[in-house]
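> coords please:
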Amino acid sequence: MKTIDLQAADNIRALAIAMVEKANSGHPGGPMGGADFMHILYSEFLRFDPQDMSWHARDRFFMDAGHLSSLMYAQYSLLSKYSMDDLKNFRQWGSVTPGHPEVDVERGIENTSGPLGQGHVMGVGAAIAAKFLQAKFGDWMGQKIYGFISDGGVQEEISQGAGRIAGHLGLNNFIMFYDSNDVQLSTMTDEVTTEDTAKKYEAWGWKVITIDAHNHHEIRKALTEANAETERPTLIIGKTIMGKGCVTANGEMFEGHCELHGQPIGHTGADFEKTILNLGGNPDEPFEVYGEVASYYEKILEDKHIAALQVKTKETAWRELNVSDAAKLDRFISGQLPDINFSEIAQKENQATRAASSAVLTHLADKVENMIVSSADLSNSDKTDGFLKKTRSMQKGDFGGQFLQAGVAELTMAALANGMALHGGVIPVVATFFVFSDYMKPAIRLGAIQELQVVYVWTHDAFRVGEDGPTHQPIEQEAQIRLLEKLKNHSGDNAFLALRPADSAETTVAWKMALENDKTSTGLILSRQNIKDIPAKGNRFEEALLAEKGGCLVKAVDNPDIVLVANGSEVGTLLEGAKMLEQQEGLKVAVASIISEGLFRNQASEYQKSVIPDGVPVFGLTAGLPVNLEGLAGANGKVFGLDHFGYSAPANVLDEKFGFTGGNVFNLVTTFLQTKNDNSIAI
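Sure thing, here's the model as predicted:
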């Protein structure tokens, strides 16, 4: 007679393979191996309220191995969060059971996962956010963050950054299960790695426990020890069997085979119907919750709700004694910003926009108490040190600071920020050089899919980095980032907001836009070199507020002969060229700063035409690829940009060599107006 726990685990296995079989697509073997751990975790350890799934003080479960989505849906169906019809529609159009899990907190899905490695890093980020909030509001919050990783996730390089940081910070609230089954999609693991995973994590400062993850007693013991750990994150290496419970048509066991990983088991040496029978199910109706399991989980759901109410009672008592902090916590959780008067932020004249950003961050450090800023070992260069000087770095045992020193780990840092945003209650900011956004793009994309508020501070925005040479000079990066502005997320909004301000005032406004943008991530693209302030007719900050429309005229004239378009550093160069065109050619020249084409294109047609009128020639100047501005210039316009990598030389020399001067703007525009032929010019 099977114990109720084994019945439940087998029920999860049966539902998982039934989903894959019906969809004729998916990964059945891994869910069969991980079912025992999931059942014990959710039935006995994970703190959540079935009647209030978005409860802020719940424990979180972060799946790294997104291909094991059928394991999650099967487990959550026992928790009454998915119907059998939901499971039958696995991987189908319009279903709530997509092929890889997508954020759906009400059903228990905390993160979107798919690209291996990022899921558990987001879990580490959530653990950091939980520690931060606990330090501010008390131990009653005391959340645990659980992760689930596979061999592929451990192999992905991002796991090194997460392992190092979690160990260094002593994140004892992070517990990760490693489903170690010796099988990958196309090979056995011993064909690709011989590392000692346990020793690796121990070297990073983790507690490591190795268990038979089909032995429920060992699973309980490991989870109990992990929850009792006070100094370290815990890795539970669970030795599992790929395709646990599979049998052939003759009833012989067929487990541990590579072919069980990524296709329906009916396409392998296993037999689907006989396997369902072996797992205690009915082959004629494989989508069912076994009677005893259903009754058992009804009791579990009751117990979970009661346990959650006990924690909520503690919170209520805390709130009565800490009215001000309780109100602050509510603001944090809701995402409500404090009152910030951006107009009062003092900016020096003609400074680099990274320095202007530093002035804003210094101001925000006193205003936004739930902002966590991180830098990839560049805080004194990306100027996030303006924020750091007003707070302190997080350290093991002290999460009261608001600065995370990530070290040289851009991708890890970005994925951590996604996890912080998923946890909620904090506003994550990450900073590095713009060229190193290349290392961050997998996390930027996943943040865009999940619609997360993360602020990216990217400095050293162009070839004017100069002497550091082509490896440090962004050329194609702006074009890559702005592609996300042209992509819609599932809510119908632009998937990303990229802002490249033209001076200090626009930088202040860009920060205002970033903090108020709680729908998507925002990237601030900032200069290393000083930039002349845009001449103002009145109050420059008030005029720069027009940037909130994505773009505006910084030099307006009636009935212009030509409109010059740029963003960032190049706006000042256009103004120099415009002056020469007016003085020497008698032209009427308008100049537009388009801080974000994506946002600008969202404005009413009338506004867009007020900035770039129909029928007027348009000339664009960009320090990156011409495609950055070709959409704004239109078919009859021209864009001058770069079609090659940079060179090592002082910034002013590169400006001269590459033609980014007012004089060359004059030459290019006069030639353009004379010829009106080519769609773009590239040097």
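> ok, Q405 to G662 distance?
41 Å (Cβ to Cβ, to the nearest Å). No exception for glycine: its C-beta is placed from N, CA and C like everyone else's.
> Helix, strand, or coil at the residue nearest to I612 when sequence neighbours are not counted?
Using Cβ to Cβ, 6 or more residues apart in numbering and skipping residues adjacent in sequence, the residue nearest I612 is V563, 5.5 Å away. Secondary structure assignment for V563 (DSSP: H, G, I helix; E, B strand; the rest coil): strand.
> Please work out how many residues are found near V563.
25 (other Cβ atoms under 10 Å).
> And for F387?
F387: 27 neighbours (other Cβ under 10 Å).
> same deal with the one 4 residues further on?
Per other Cβ under 10 Å, the neighbour tally for T391 reads 17.
> What is the burial count for the residue lying closest to it once chain neighbours are set aside?
Excluding the flanking residues, the one nearest T391 by Cβ to Cβ, 6+ apart is Q402, at 4.3 Å. Residues lying near Q402 (other Cβ under 10 Å) number 25.
> Can you check the pLDDT for Q402?
With respect to pLDDT, Q402 scores 97.
> let's number from 727 now, not from 1
Done: numbering now begins at 727, and the last item shifts to Q1128.
> In three-state terms, label D762 for me.
Assignment for D762 (three-state DSSP): helix.
> Look up which helix or strand the residue nearest to it when sequence neighbours are not counted falls in, please.
Leaving aside its chain neighbours, D762 sits nearest to A735 (4.6 Å; criterion: Cβ to Cβ, 6+ apart). Here A735, judged by DSSP states H and E, is contained in helix 730-749.
> From the contact counts, what lies against that helix?
In terms of contacts (3 or more Cβ pairs under 8 Å, 6 or more residues apart in numbering; DSSP states H and E), helix 730-749 is packed against helix 755-766, helix 795-804, helix 810-814, helix 942-954, helix 998-1004, helix 1017-1047.
> just checking, the residue nearest to T1117 touches S1100?
No: using Cβ atoms under 8 Å, Q1128 is not in contact with S1100, being 9.8 Å away.
> what about the most centrally placed residue in the chain, distance to P841?
What sits nearest the mean C-alpha location of the chain, by Cα atoms, centre = their mean, is G1173, with 3.0 Å. Going from G1173 to P841 by Cβ to Cβ gives 12 Å.
> so the residue nearest to D762 makes contact with M758?
No: taking contacts as Cβ under 8 Å, A735 lies outside contact range of M758: 9.3 Å.
> Among these two, which residue is more densely surrounded?
When neighbours are counted by other Cβ under 10 Å, A735 and M758 differ, and M758 comes out ahead with 32 against 27.
> Next one, pLDDT for the more buried one please.
At M758, pLDDT is 97.
> what about the protein, any weak spots by pLDDT?
Residue ranges of the chain with pLDDT under 70: 1403-1409.
> Report the angle between the helix holding A735 and helix 755-766.
140 degrees (axes from the mean of the first three to the mean of the last three Cα atoms, to 10 degrees).
> Using CSV, write down the CA coordinates of helix 730-749.
The C-alpha coordinates for helix 730-749 follow below in CSV (Å, rounded to 0.1, in the frame of the first residue of the first chain):
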residue,chain,number,x,y,z
ILE,A,730,-0.4,9.2,0.9
ASP,A,731,2.8,11.1,0.1
LEU,A,732,3.8,8.6,-2.5
GLN,A,733,0.3,8.6,-4.0
ALA,A,734,0.4,12.4,-4.2
ALA,A,735,3.9,12.4,-5.9
ASP,A,736,2.7,9.7,-8.3
ASN,A,737,-0.4,11.7,-9.0
ILE,A,738,1.8,14.7,-9.9
ARG,A,739,3.9,12.4,-12.2
ALA,A,740,0.8,11.0,-13.9
LEU,A,741,-0.7,14.5,-14.6
ALA,A,742,2.6,15.8,-15.9
ILE,A,743,3.1,13.1,-18.4
ALA,A,744,-0.6,13.2,-19.4
MET,A,745,-0.2,16.9,-20.3
VAL,A,746,2.9,16.3,-22.4
GLU,A,747,1.2,13.3,-24.1
LYS,A,748,-1.9,15.1,-25.0
ALA,A,749,0.0,18.2,-26.3
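> Show me which residues of that helix are buried.
731-749 (16 or more other Cβ atoms under 10 Å).
> residues in contact with S1336?
Counting by Cβ atoms under 8 Å, 6 or more residues apart in numbering, S1336 touches L1279.
> Which residue comes closest to A1132 once chain neighbours are left out?
Here the residue nearest A1132, using Cβ to Cβ, 6+ apart, is M1139, at 4.0 Å.
> Need the phi and psi values for K1364.
Note on K1364: its backbone torsions stand at phi -140, psi 150 [degrees, to the nearest 10].
> returning to what we had before: just say which of the helices and strands packed on helix 730-749 is most tucked in.
helix 755-766 (a mean of 28; mean count of other Cβ atoms under 10 Å).
> Partner strands of the helix or strand following that one and their direction?
Moving toward the C-terminus from helix 755-766, the next helix or strand (DSSP H and E) is strand 786-789. Next to strand 786-789 in the sheet, as set by DSSP bridges, lie strand 871-876 (parallel).
> would you put the C-alpha positions of the partner strand in PDB?
In PDB, the C-alpha atoms belonging to strand 871-876 read as follows (Å, rounded to 0.1, in the frame of the first residue of the first chain):
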ATOM      1  CA  ILE A 871      12.700  31.900  -1.000                       C
ATOM      2  CA  TYR A 872      13.000  28.500  -2.700                       C
ATOM      3  CA  GLY A 873      14.600  27.800  -6.000                       C
ATOM      4  CA  PHE A 874      14.500  24.700  -8.300                       C
ATOM      5  CA  ILE A 875      17.400  24.200 -10.700                       C
ATOM      6  CA  SER A 876      18.500  21.500 -13.100                       C
END
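> Fine by me, we can end here.
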